[in-house]
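Asks: sequence-free structure coming up:
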């Protein structure tokens with residue numbers, strides 16, 4: 001077991017070192033989950049060196065198989081939650097708010113969505129890194145969610161119709177006798 005942990009530690013150290021080196025080489029700002037704007041490494045216009053892609057692939061490959069299965073099988077919940085906050089406009093409302101955040105009760109009033117139903121969605125998205133709960137029931141966007149605001153490519157991707165339907169119908173389509 002120690003050798004597996006040591007291997008994982010070496011892999012993660014390599015990933016972190018590679019990313020730190022590229023940040024230094026390109027004189028980029030430090031990474032922050034609470035940055036008010038996307039980091040240059042996240043911009044599609046940034047010519048990201050292949051070593052950074054390889055380092056990220058290595059980090060993702062470090063997940064244990066069970067963790068990978070759980071992560072993959074719960075993406076349907078993440079997709080549904082993101083779909084809700086994008087299509088209702090909640091994501092844009094959070095983007096337009098001050099740096100102190102917006103309360104669940106304000107969102108309830110503005111969007112006519114029961115806070116008891118909306119709160120688990122926002123908690124789930126916060127657990128996945130899309131939002132930050134600065135105080136109990138008070139939410140802000142993270143740098144990750146900035147890709148979902150109007151005008152961003154990520155928002156266009158999430159608005160592509162039919163993705164949940166494809167997910168739900170693939171098995172029945174392939175397993176149907178006709």
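Replies: Right, received. Where do you want to start? Since this is a predicted model, take the numbers as computed values, not measurements.
Asks: show me where the protein has helices.
Replies: Under the criterion DSSP state H, the chain contains helices at 2-25, 50-61, 65-73, 75-88, 90-96, 104-111, 115-127, 153-158, 163-175.
Asks: contact partners of the fifth one?
Replies: The set of residues that contact helix 90-96 without belonging to it, under Cβ atoms under 8 Å, 6 or more residues apart in numbering, is 84-85, 101-102, 107, 110-111, 118, 131, 139-141, 145-146, 148-150. (C-beta placed from N, C-alpha, C; glycine too.)
Asks: again with stretch 41-55
Replies: Outside stretch 41-55, the residues that reach it (Cβ under 8 Å, 6+ apart) are 14, 15, 18, 19, 22, 23, 28, 31, 40, 143, 147, 153.
Asks: burial count for the second one?
Replies: By the measure other Cβ atoms under 10 Å, the count of residues near residue 15 is 19.
Asks: switch the contacts of stretch 41-55 over to a markdown table; also include distance to residue 161.
Replies: Formatted as a markdown table, the contacts of stretch 41-55 follow (distance: Cβ to Cβ, whole Å):
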| residue | distance to residue 161 |
| --- | --- |
| 14 | 40 |
| 15 | 36 |
| 18 | 38 |
| 19 | 35 |
| 22 | 37 |
| 23 | 38 |
| 28 | 36 |
| 31 | 33 |
| 40 | 31 |
| 143 | 27 |
| 147 | 19 |
| 153 | 16 |
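Asks: most centrally placed residue in this structure?
Replies: Residue closest to the average C-alpha location in the chain (Cα atoms, centre = their mean): residue 130, at 4.9 Å.
Asks: start and end of stretch 105-118, how far apart?
Replies: 10 Å (Cα to Cα, to the nearest Å).
Asks: and stretch 42-54, by the same measure?
Replies: End-to-end distance (Cα to Cα), stretch 42-54: 15 Å.
Asks: can you give me how far it is from the chain middle?
Replies: Taking Cα atoms, centre = their mean, to the nearest Å, one finds stretch 42-54 lying 18 Å from the centre of the chain it belongs to.
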